[in-house]
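Asker: Got a predicted structure plus its sequence, pasted below:
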Amino acid sequence: MRLLVEGQTALQGTLRVPADKSMTHRALLMAALCDGESEITAPRVGEDNRSTARALAALGVELAFADDVWRVRGRGAAGLVPPSTPVDCGNSGTTIRLLAGLLAGAGVPATLAGDASLARRPMGRICAPLRALGADLAGELDARARELPPLHIRRGGFRGGVIDLDIASAQVKSGLLLAGVASGHSVTLSEPAASRDHTERLLTALGAAVATTRDLKGRVRVELAAGAALSPLAWRVPGDFSSAVFALGAALLVPGSKVTVCDVGVNATRTGLLETFEEYGARCVVREWREESGEPVASLTAEASALRATRPGGGALRVDGDAIPRLIDELVLLAALASQAEGETLVADARELRVKESDRVAETVRLLAAFGVQARERDDGFAVNGPQALHAAHVDVSADHRLALTAAVLALAAPGESVLDGFEIAAISYPDFVAALTSLGARLRVRDA
């Protein structure tokens with residue numbers, strides 16, 4: 001699919017974005033561990049979440065989607081059935097890592113596989129801590145001794161316990177907590193910084209005893225009590241902040257624009273980009289804040305702004321350290337904003353970008369170059385000096401859905417018509433992106449490649 005984008009047309013209006021993908025994954029998996037029927041309203045229905053739903057169906061879970069509601073009949077961990085063939089997790093790293101924890105805790109033997117892209121993504125980060133707590137699972141080792149899919153999970157062995165993690169990872173943390181719920185054992189883990197806490201919030205809402213504390217060194221400790229029994233779920237999934245940022249980012253960059261995105265999840269472990277907006281001097285306002293089933297929700301309004309990438313007293317604006325887990329999925333878009341901000345933006349401590357759906361460090365620098373922006377690639381991030389003049393581009397964006405969406409933002413900000421090949425990849429996280437931007441006044445045309 002080829003997307004043609006006419007740049008510098010003001011965006012105006014209000015929209016709703018797809019439901020949060022991370023929360024939808026977790027809601028489906030936890031519903032399978034409940035005893036009874038759960039209803040998940042307005043869920044994400046992109047391909048990654050469908051991978052989770054198909055995986056659960058392969059494990060014997062009864063679920064159906066109709067009228068914008070997933071209905072899931074859970075029978076607890078004991079109701080999961082060992083699959084007769086490998087479980088296809090598609091392109092979803094969240095599906096395979098969280099499901100590995102759930103199955104290892106439940107003691108259900110299975111092989112978890114995925115597409116060619118997923119088969120290159122590292123799994124040692126979830127397998128090693130699960131093994132440390134007694135689980136019997138392993139991936140396939142490549143020539144560099146990295147543990148990759150498919151993952152082979154064997155019956156029994158998970159005993160729970162205490163473990164310290166070297167990196168802050170919501171997927172690893174969630175996999176361990178789901179293993180604890182599925183096994184009935186307690187799990188206590190610590191991580192060096194706060195990662196997104198959707199799993200802890202939802203488990204608490206469903207009746208599990210979960211406690212979170214932080215020590216004087218900033219390490220976060222999460223404790224799941226033994227014997228967690230989950231009540232059936234009835235929940236409306238908030239809008240996805242990681243999808244909302246593309247419309248908000250375009251509004252900041254395109255002159256004359258003002259866009260409101262309604263009913264967005266604004267969990268503080270996910271909204272680090274809003275803090276960067278503030279540091280940039282962006283005109284972005286949070287309204288109608290409230291909580292729904294333990295998750296904060298609000299409406300966000302952004303309008304065209306002159307951005308500044310300087311710390312008080314001078315120097316580059318650094319995005320690093322504890323901030324990275326709270327905006328890891330938004331760093332590609334941040335690079336686009338940095339290209340139009342006065343001063344230098346330096347992203348560090350983000351090596352995880354190298355092992356996403358693509359090498360997002362290298363691909364981000366390549367994408368910026370296509371639009372006329374020079375950036376410096378670093379081992380653990382990138383640096384961008386701005387503002388730099390944008391020009392229209394003809395670029396292949398098929399490597400990664402977030403790169404494709406960021407390319408559309410750059411194209412909206414650049415003069416002239418840009419051509420984005422392979423834009424169908426954007427449907428992984430935002431199937432209706434073209435329609436959403438068109439509703440705001442963007443001039444977009446879709447052509448066969």
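Answerer: Ah, there it is. Residues are numbered from 1 along each chain as shown.

Asker: Can you tell me the number of residues neighbouring Leu189?
Answerer: 21 (other C-beta atoms under 10 Å). C-beta here means a position set from N, CA and C on the backbone, and glycine is covered the same way.

Asker: can I assume it is in contact with Val162?
Answerer: Yes - the criterion here is C-beta atoms under 8 Å, and Leu189 meets it with Val162 at 7.4 Å.

Asker: Spit out the residues that contact the two alike.
Answerer: With contacts defined as C-beta atoms under 8 Å, 6 or more residues apart in numbering, no residue is shared by Leu189 and Val162.

Asker: avg pLDDT for stretch 176-184?
Answerer: Averaging pLDDT along stretch 176-184 yields 97.

Asker: what's in contact with it?
Answerer: Applying C-beta under 8 Å, 6+ apart, the contact partners of stretch 176-184 are 29-30, 33, 77, 98, 101-107, 129-130, 133, 135, 158-160, 163, 186-187, 189, 199-200, 203, 208, 210, 222, 224, 226-228, 230.

Asker: Same question for stretch 146-159.
Answerer: Residues from elsewhere that reach stretch 146-159, judged by C-beta under 8 Å, 6+ apart: 86, 89, 96, 100, 103-105, 107-114, 118-124, 127-128, 130, 133-142, 179, 183, 185.

Asker: can you give me the helices for this protein?
Answerer: With DSSP state H, the ranges of helices along the chain come out as 21-33, 47-58, 93-106, 124-132, 170-183, 198-205, 241-253, 272-280, 331-338, 360-370, 401-413, 433-439.

Asker: Dump the second one to PDB, keeping only the CA atoms.
Answerer: Right, the one you point to is helix 47-58. Output in PDB follows, covering the C-alpha atoms of helix 47-58 (Å, rounded to 0.1, in the frame of the first residue of the first chain):
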ATOM      1  CA  GLU A  47      -3.400  -7.800  14.500                       C
ATOM      2  CA  ASP A  48      -1.300  -8.000  17.600                       C
ATOM      3  CA  ASN A  49      -4.300  -8.300  19.900                       C
ATOM      4  CA  ARG A  50      -5.900 -10.800  17.600                       C
ATOM      5  CA  SER A  51      -2.700 -12.900  17.900                       C
ATOM      6  CA  THR A  52      -3.300 -13.000  21.700                       C
ATOM      7  CA  ALA A  53      -7.000 -14.000  21.100                       C
ATOM      8  CA  ARG A  54      -6.000 -16.700  18.600                       C
ATOM      9  CA  ALA A  55      -3.400 -18.000  21.000                       C
ATOM     10  CA  LEU A  56      -5.900 -18.300  23.800                       C
ATOM     11  CA  ALA A  57      -8.300 -20.100  21.500                       C
ATOM     12  CA  ALA A  58      -5.600 -22.600  20.700                       C
END
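
Asker: Can you list the buried residues in that helix?
Answerer: Residues Asp48, Asn49, Arg50, Ser51, Thr52, Ala53, Arg54, Ala55, Leu56, Ala58 are the ones in helix 47-58 that count as buried (16 or more other C-beta atoms under 10 Å).

Asker: sorry, back to before: for Leu317, find the nearest of the helices of the chain.
Answerer: When these are compared by C-beta to C-beta, helix 272-280 sits nearest Leu317, at 5.9 Å.

Asker: List the buried residues of the closest one.
Answerer: Neighbour-count burial for helix 272-280 [16+ other C-beta under 10 Å]: Gly272, Leu273, Leu274, Thr276, Phe277, Glu279, Tyr280.

Asker: now stretch 21-30
Answerer: For stretch 21-30, a neighbour-count test (16+ other C-beta under 10 Å) marks Lys21, Ser22, Met23, Thr24, His25, Arg26, Ala27, Leu28, Leu29, Met30 as buried.

Asker: any chance of those residues in TSV, plus pLDDT and distance to Gly441?
Answerer: Below are the buried residues of stretch 21-30 laid out as TSV (pLDDT from 0 to 100; distance: C-beta to C-beta, whole Å):
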residue	pLDDT	distance to Gly441
Lys21	87	26
Ser22	88	30
Met23	91	30
Thr24	93	29
His25	95	33
Arg26	95	35
Ala27	95	34
Leu28	96	35
Leu29	97	39
Met30	96	39
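
Asker: And those residues, which is closest to Arg445?
Answerer: Checking the buried residues of stretch 21-30 against Arg445 by C-beta to C-beta gives Lys21 as the nearest, at 27.1 Å.

Asker: ok, and the closest non-adjacent residue to that closest one?
Answerer: Using C-beta to C-beta, 6 or more residues apart in numbering and skipping the chain neighbours, the partner closest in space to Lys21 is Arg44 (4.7 Å).

Asker: Make a PyMOL selection of the buried ones in the contacts of stretch 176-184.
Answerer: Provided next is the PyMOL selection string for whichever of these are buried by 16+ other C-beta under 10 Å:
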select buried, resi 29+30+33+77+98+101+102+103+104+105+106+107+129+130+133+135+158+160+163+186+187+189+199+200+203+208+210+222+224+228+230
